[in-house]
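Undergrad: Okay, structure incoming, though there's no sequence with it:
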């Protein structure tokens, strides 16, 4: 079969720079299909339009499209590779744009089989199928084996025949009568090392490398690596259990280092961002990984930017991580209130987490915390407990924090609970766009009965002000490091990276390009929203972006 896999452009807010990352999931799917004999093309809406932003002018949401326009993505589909078109939708706020893209693919290629997958599709498969009738199939959860079996089944069918797909696990579709069909879940892939490395040759990877894009703090040429899949925990605000079944599987640490060494040689990559949900679960695994890195003496750095657990990081592990190039770790205690943590089933020992963060700081690693306020049932007193944790971690030397407001994401236990309680607004485009509120500093939607939305937004701002004021007061030498790094155009922490973005020649654009507004609407983005397009006057990133 000839296939096209699409990572669509993404919707981002106008109050924060886009976190531009290569399409790891799509690259894995492409490699898996290609290894089994299928011809694959990849369209990466973000990577192929990495410096392009279009603004949605609706003032309620302040959302802009990052990447190629929908007509541009559509124009990149080669007719010879339109037998099967797979479209990824990872984040629920992107759904209105993805739906429009799929509808236009159907109009252009009426005979194509259109398959959709990703975390949003796994969370809301029936909604996706009914909201976008152009979709033929939804692939749920871990996609490689299901997509391959589906594609091979499609290839074996006579054009005029009707076939039952209910024998393929991990699939959802509407039958000819309009009935919803969801087959049993597919068993997780146990041997992750049997999956080929992502097909980066099909993706504009150099666009990401040369622009310094990545998941962590930018260190130049950043490459993504996945060492494990899933997470053994069941936090009620996370979609992990719906997507991965609550099971953590890790690759052979030697083979992970093989992949790092390969990218270091092929792409001159200097920094590696681990995209794992929870990379550090077992101490023996991470120590084996560090020993292998140390043995090969690779001149690299690496980061754990997604929010790791603290249980396995003690003094010994922290020293090994730093010694082998780990320069940045993100912890995710989420809250300083033990009552809140119990309500959201976040199984963490806060005292142990603080000791772990302190060990990482003493080892010389930059540490960031992710915190969430406004969980259902949370009180003003719970947030004061979070402030206490912020002060304690500022004192021990944690360098960064970001405070999110709780957002009920589809596929989570809390989303289902709030839906049953009538607290979730009607599921439509406004709901999906509202999910971006977790990142917008001036906007919050409170699902905590005792805390208003306005108070929640003020708590977020006050939390950040409290932490950074305390951090610089307790560690005044950091002021000189920040000034030095800004003068040298480098960043060791998230706050320094943010300040660098403000000082670039064009602060409103993530990569510092000189941009001009083109008059007139951009058609085909999302119905009902006027847009303008920003078009680059330069084909290369600015000098500031390269650095």
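TA: Cool, the structure landed. Note that this is a predicted model, so its numbers are computed, not measured.

Undergrad: who touches stretch 231-245?
TA: Stretch 231-245 has contacts (C-beta atoms under 8 Å, 6 or more residues apart in numbering) with 119, 122-123, 141-142, 185, 188, 229-230, 246-248, 277-278, 281, 309, 334, 343-347, 372, 375, 406, 408-414, 417. Where you see a C-beta, it was placed from the backbone N, CA and C, and this is true even at glycine.

Undergrad: pLDDT (mean, whole number) over it?
TA: If you average the pLDDT over stretch 231-245, you get 92.

Undergrad: and if you look at stretch 28-42?
TA: Mean pLDDT, stretch 28-42: 98.

Undergrad: for stretch 114-126, same thing?
TA: Mean predicted confidence for stretch 114-126 is 97.

Undergrad: Run through the stretch 151-300 of the chain and note the low-pLDDT ranges.
TA: Counting by pLDDT under 70, the stretch 151-300 of the chain shows low-confidence ranges at 158-163.

Undergrad: wait, is residue 327 part of a strand?
TA: Yes: counting by DSSP: H, G, I helix; E, B strand; the rest coil, residue 327 is found in a strand.

Undergrad: my guess is it meets residue 305, correct?
TA: No: counting by C-beta atoms under 8 Å, residue 327 does not reach residue 305; the two are 10.7 Å apart.

Undergrad: Mind listing the shared neighbours of those two?
TA: Residues touching both residue 327 and residue 305 by C-beta under 8 Å, 6+ apart: residue 217.

Undergrad: more neighbours, the two?
TA: residue 305 (22 against 19; other C-beta atoms under 10 Å).

Undergrad: and the helix or strand harbouring the more buried one, what's its mean pLDDT?
TA: Element membership of residue 305, judged by DSSP states H and E, is strand 301-308. Averaging pLDDT along strand 301-308 yields 90.

Undergrad: Does residue 432 touch residue 97 like I think?
TA: No: between residue 432 and residue 97 no contact is recorded; they are 9.3 Å apart, counting by C-beta under 8 Å.

Undergrad: Mind checking which of the two has more residues around it?
TA: Per other C-beta under 10 Å, whichever of residue 432 and residue 97 has more neighbours is residue 97, with 25 against 22.

Undergrad: So the more buried one lies in a helix, does it not?
TA: Yes: residue state for residue 97 (three-state DSSP) corresponds to a helix.

Undergrad: Hmm, residue 6 and it touching each other?
TA: No: if you go by C-beta under 8 Å, residue 97 and residue 6 don't touch, sitting 11.9 Å apart.

Undergrad: Now the element after the lengthiest helix in the chain, going C-ward?
TA: Ranked by residue count and defined by DSSP state H, the top helix of the chain is helix 453-474. Using DSSP H and E, the helix or strand that follows helix 453-474 in sequence is helix 477-487.

Undergrad: Identify each buried residue in that following helix, please.
TA: Neighbour counts over helix 477-487 (16 or more other C-beta atoms under 10 Å) mark 478, 482, 485 as buried.

Undergrad: would you list those in CSV and tack on distance to residue 466?
TA: What follows is the buried residues of helix 477-487, written out as CSV (distance: C-beta to C-beta, whole Å):
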residue, distance to residue 466
478, 16
482, 18
485, 23
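
Undergrad: just those now: which is nearest residue 79?
TA: Closest approach to residue 79 among those (C-beta to C-beta): residue 485, at 49.9 Å.

Undergrad: Skipping its backbone neighbours, what lies nearest the closest one in space?
TA: Excluding its sequence neighbours, the residue lying closest to residue 485 (C-beta to C-beta, 6 or more residues apart in numbering) is residue 496, at 5.2 Å.

Undergrad: The helix or strand harbouring that neighbour packs against which elements?
TA: Per DSSP H and E: residue 496 is located in helix 494-502. Contacts defined by 3 or more C-beta pairs under 8 Å, 6 or more residues apart in numbering; DSSP states H and E place helix 494-502 against strand 400-405, helix 477-487.

Undergrad: List just the one of these that sits closest to residue 171.
TA: In terms of C-beta to C-beta, the element of the helices and strands packed on helix 494-502 nearest to residue 171 is strand 400-405, at 33.3 Å.

Undergrad: Need the contact partners of the strand holding residue 305.
TA: The contact list for strand 301-308, computed with C-beta under 8 Å, 6+ apart, reads 215-217, 219, 225, 260, 270-280, 324-332, 368, 370.

Undergrad: Any idea how far that strand is from the middle of the chain?
TA: Remark: strand 301-308 is offset 13 Å from the chain centroid, using C-alpha atoms, centre = their mean, to the nearest Å.

Undergrad: Same check on stretch 299-318?
TA: The answer for stretch 299-318 is 19 Å, by C-alpha atoms, centre = their mean.

Undergrad: and residue 153, how far is that from residue 404?
TA: As for residue 153, its distance to residue 404 is 41 Å (criterion: C-beta to C-beta, to the nearest Å).

Undergrad: Residue 81 now?
TA: Between residue 81 and residue 404 the distance is 39 Å, computed by C-beta to C-beta.

Undergrad: More neighbours: which of those two?
TA: More neighbours surround residue 81 than the other of residue 81 and residue 404, with 19 against 16 (other C-beta under 10 Å).

Undergrad: That one contacts residue 2, doesn't it?
TA: Yes: at 4.5 Å, residue 81 counts as touching residue 2 under the criterion of C-beta under 8 Å.

Undergrad: now the stretch 301-450 of the chain, which segments are flagged as low pLDDT?
TA: In the stretch 301-450 of the chain, no residues with pLDDT under 70.

Undergrad: Which stretches in it count as strands?
TA: Ranges of strands in the stretch 301-450 of the chain, per DSSP state E, counting those that start in this stretch, are 301-308, 326-334, 366-373, 400-405.

Undergrad: Which one of those lies nearest to residue 166?
TA: Nearest of the strands of the stretch 301-450 of the chain (C-beta to C-beta): strand 301-308, 35.4 Å.

Undergrad: Is residue 293 located within a helix, as I assumed?
TA: Yes: assessed by three-state DSSP, residue 293 belongs to a helix.

Undergrad: burial count for residue 85?
TA: 25.

Undergrad: got a list of what it touches?
TA: Taking C-beta under 8 Å, 6+ apart, one finds 3-6, 77, 105, 109, 112-115 in contact with residue 85.

Undergrad: So for it, what's the pLDDT?
TA: Looking at residue 85, its pLDDT stands at 98.

Undergrad: Tell me the bridge partners for it.
TA: According to DSSP bridges, the residues that bridge with residue 85 are residue 4, residue 114.

Undergrad: measure it to residue 43 for me?
TA: Applying C-beta to C-beta, the value for residue 85 to residue 43 is 9 Å.

Undergrad: Quick check: neighbours shared by the two?
TA: Taking C-beta under 8 Å, 6+ apart as the criterion, residue 85 and residue 43 both touch 4-6, 77.

Undergrad: Check the secondary structure at residue 490 for me.
TA: coil.

Undergrad: domain assignment for the chain?
TA: 2-182, 218-407+445-502 (automatic domain parsing).

Undergrad: Relative to residue 198, which of those domains is closest?
TA: Nearest of those to residue 198, taken as C-beta to C-beta: domain 2-182 at 3.3 Å.

Undergrad: Give me the distance from that closest one to the chain's centre.
TA: With C-alpha atoms, centre = their mean as the basis, domain 2-182 stands 16 Å off its chain's centre.

Undergrad: which residues touch the closest residue to residue 291 other than its chain neighbours?
TA: Using C-beta to C-beta, 6+ apart and skipping the chain neighbours, the partner closest in space to residue 291 is residue 320 (7.8 Å). Residues near residue 320 by C-beta under 8 Å, 6+ apart: 286-287, 290-291, 294.

Undergrad: Any regions of the stretch 1-150 of the chain where pLDDT drops low?
TA: 14-18, 55-59.

Undergrad: can you map out the helices along the stretch 151-300 of the chain?
TA: According to DSSP state H, counting those that start in this stretch, the stretch 151-300 of the chain carries its helices in the segments 205-211, 240-244, 253-267, 283-296.

Undergrad: now those helices in CSV, with distance to residue 467 and mean neighbour count?
TA: Shown next, in CSV, are those (distance: least, C-beta to C-beta, whole Å; neighbours: other C-beta atoms under 10 Å):
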stretch, distance to residue 467, mean neighbour count
helix 205-211, 30, 20
helix 240-244, 27, 20
helix 253-267, 33, 17
helix 283-296, 28, 17
